[in-house]
Structure formats: structure tokens, C-alpha cells
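J.: here's a sequence, model it:
(one chain, ligands or ions: 1)
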Amino acid sequence: MNLREKYGPWAVVTGASAGIGAQFARQLAARKFNLVLAARRMERLQKLADELSRENAIECRPISIDLSKEESASELNEATSTVDAGLLINNAGMGYYGLVTKQDPRRYPTMIRLNCTTVALLAHYFAKRFVERGRGGMVIVASTASFQGTAHMSLYGATKGFDLLLAEAMAQELKGSGVDVLALCPGVTATEFQGSAGGASHAGADPGGVARDALKALGRKPVVISGALNKVQVVSERLFPRKLVVALGERVLRRLES
Ligand SMILES: NC(=O)c1ccc[n+]([C@@H]2O[C@H](COP(=O)([O-])OP(=O)(O)OC[C@H]3O[C@@H](n4cnc5c(N)ncnc54)[C@H](OP(=O)(O)O)[C@@H]3O)[C@@H](O)[C@H]2O)c1
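T.: As a prediction, this is how the structure comes out:
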């Protein structure tokens, strides 16, 4: 059974205006999902929606919403209640490089709400809807940063650890319900993320490949690490003491920080 038959006819993609989310939108449109595209930048969403609906003969609804706001998850749930959504790409997120002692703490609540609170509330609302309709799929975008402390990006890594554990546990809880949950763990990916997180410009994986890996793994396993080298990294980390893994990771993150 293809993804559209399994989960369709509608998919909701958060963070669809750029990067990995936009690639999910493109690949789902090619599979004939109708799409709800959510992010803050309406102009970008509208342009993508126009292009995808014209090229794939599907329906696309752009929704401009700030998902770091307290009521945003219930607003998005409400705004999508009239469509038969069976797939949620729970993707919108932000990073923040820097030492804890040097960061602006006013950015912390925004990041925690966007990367954790909204992700968890959307996961709740949509999982309930999917269980009621007897089928559904959800991708929660975590990271290779989910697996260990990430010095120079401490809070970000902690939020992504949250996302991984949430997805893994939900996948187990929903076994046998017809609802599949996947934690997607990309490594450094070539999107706007590094720039907006205050990182140096850096080569990264193709975001299209990351989305493809997730759509291939959904329904087959609870966690996918995108990229062969990232898989080797995460698996080999289990063989070493955690403090050594964190110390080696700090070297990499210091290079990524601008
Ligand atoms: N790129 C990487 O190296 C990397 C690695 C591992 C994991 N990830 C994860 O992958 C996910 C997608 O990131 P990306 O790499 O595609 O980054 P990106 O290119 O910066 O895209 C982020 C998306 O999230 C949206 N977003 C940000 N803040 C938002 C807010 N307050 N409300 C609503 N939407 C918001 C952005 O849209 P607007 O600005 O229009 O709102 C954009 O569509 C994130 O969860 C990130 O943690 C990224």
C-alpha cells in the first residue's frame, strides 16, 4: 500500500516554508497528498502552495502561524479540523548556538515552546484524531543531537532529546492502533537552520534526502537516523563513556558555531 492510501488524503506539515519541511511538502505533493502548510512566513507558504497545487493537481492550504505561541497547537488543530488529515509532519523547530552563560535567556522559552510544547500538543491532538479514524502517521523531527549532551548548543540538544523520547514512546503506545510514529534524526543539513541558530555557514546533507529517508522509514521502525555517517556516529557513541562522547561532540559544535 502506498503512503497516500495508507494515511491520506491530507497531510499537515509544520515548518513548511523552508528546509526539511518544504522538502516534505514537495515529496508528499508528488504522492498526491492534499496539504496544510504551516509556518510564519505566509508569502513563502503561498508561493509553495500555488506551485504544488498547480503541478500536482492537489489542494494546498497555507496557514501563517507562530508555533512558539501558547495556543498555537490547539489553533492549528482547530484550523485543520475540516480536512481528513492522516499524516502529521511535526517538523518546525529552531536552534541556538552559544555557551549557556553567554546566551540571551529570553530566547529559551520560545525555543522550548516551539521545539517541545507545541510538538507534544500537536502530537497529542493528531494522534487522537488518527486513532479515531483508525489510521495515521506522524513524523517528529528530532536530531542526531538527541542522543547526547550538546555543549555549545545545550538547550537545543535537550529539546531534541525530548522530541526523540516522545516519538519513541508514542510509537510504542500506538502499536496496533493503525497509527505509526517516527522520530527522524538528521545530522547537519543544508537549510536555513544553521544561519538562524547563529551557526557558521557549513555544508550539510540534502534536505530532500532527509525527508525521503523519513517517508521510507515511517511505518517500518520508530526511529530513523538519516545518513550513513550519522548512523555510524550514533551507534559508535554507545560504545564509549558518555562524558567522552560529549567532549568529542563539543569539538564539532565549536566548529559549527560562528
Ligand atoms: N538543519 C539541520 O542541520 C538540522 C539537523 C537536525 C535536526 N533539524 C531539525 O529539523 C527541523 C527543520 O529544520 P530545518 O533544518 O528545515 O530549518 P529551517 O530551514 O530553518 O526551517 C525551519 C522551519 O520552521 C519554521 N519555524 C521556525 N520558527 C517557527 C515558529 N515560531 N512558528 C512556526 N514555524 C516556525 C520556519 O518557518 P518560518 O520562519 O516561516 O516560521 C521554517 O519553515 C527542526 O526541527 C530542526 O531542529 C535540523
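J.: for this protein, which spans come out with low pLDDT?
T.: 258 (pLDDT under 70).
J.: how about the strands in it?
T.: Using DSSP state E, the strands found in the chain span residues 10-14, 34-39, 60-64, 85-90, 136-141, 179-185, 223-225.
J.: what segments of this protein are helices?
T.: Secondary structure of the chain (DSSP state H): helices at 3-7, 19-30, 42-56, 72-79, 107-112, 118-133, 154-173, 193-196, 207-217, 228-237, 242-256.
J.: pretty sure residue 210 sits against residue 230.
T.: No: here residue 210 lies out of contact with residue 230, judged by CB atoms under 8 Å, at a distance of 10.0 Å. (Glycine included, C-beta is placed from N, CA and C.)
J.: name the residues contacting each of these two.
T.: residue 186 (CB atoms under 8 Å, 6 or more residues apart in numbering).
J.: so for these two, which residue has more residues nearby?
T.: More crowded of residue 210 and residue 230, by other CB atoms under 10 Å: residue 210, with 25 against 18.
J.: sorry, back to before: ok, which of the helices of the chain comes nearest residue 144?
T.: Closest approach to residue 144 among the helices of the chain is made by helix 228-237 (5.1 Å; CB to CB).
J.: buried set for that closest one?
T.: Under the neighbour-count criterion of 16 or more other CB atoms under 10 Å, helix 228-237 has 230, 233-234, 237 buried.
J.: got TSV for these, with distance to the ligand too?
T.: Shown next, in TSV, are the buried residues of helix 228-237 (distance: CB to the nearest ligand atom, whole Å):
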residue	distance to the ligand
230	9
233	13
234	12
237	16
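J.: nearest to residue 251 among those?
T.: residue 233 (13.0 Å).
J.: what parts of the chain come near the ligand?
T.: 15-21, 39-41, 66-68, 91-94, 114, 141, 143, 186, 188-189, 191-193, 196, 204 (CB under 6 Å from any ligand atom).
J.: now list the buried members of those residues.
T.: By 16+ other CB under 10 Å, the residues of the chain next to the ligand give 15-21, 39, 67-68, 91-94, 114, 141, 143, 186, 188-189, 191, 193, 204 as buried.
J.: ok, and the closest non-adjacent residue to residue 208?
T.: Excluding the flanking residues, the one nearest residue 208 by CB to CB, 6 or more residues apart in numbering is residue 23, at 4.6 Å.
J.: so that neighbour sits right up against residue 215, yeah?
T.: No: using CB under 8 Å, residue 23 is not in contact with residue 215, being 10.0 Å away.
J.: does residue 177 touch residue 131 like I think?
T.: Yes: between residue 177 and residue 131 there is a contact under CB under 8 Å: 5.2 Å.
J.: and the closest residue in space to residue 55 that isn't next to it in sequence, how many neighbours does it have?
T.: Nearest in space to residue 55, with sequence neighbours left out and distances taken as CB to CB, 6+ apart, is residue 29 at 7.4 Å. Each residue near residue 29 was counted by other CB under 10 Å, and the total is 24.
J.: and the gap between residue 29 and residue 49?
T.: To residue 49, residue 29 is 9 Å away according to CB to CB, to the nearest Å.
J.: and for the two, which residues touch both?
T.: What both residue 29 and residue 49 touch, as defined by CB under 8 Å, 6+ apart, is the set 35, 60.
J.: closest one to residue 148 among the helices of the chain?
T.: Closest approach to residue 148 among those is made by helix 242-256 (4.9 Å; CB to CB).
J.: who are the packing partners of the closest one?
T.: Applying 3 or more CB pairs under 8 Å, 6 or more residues apart in numbering; DSSP states H and E, we find helix 242-256 packed against no helix or strand.
J.: residue 224 pairs with what?
T.: residue 184 (DSSP bridges).
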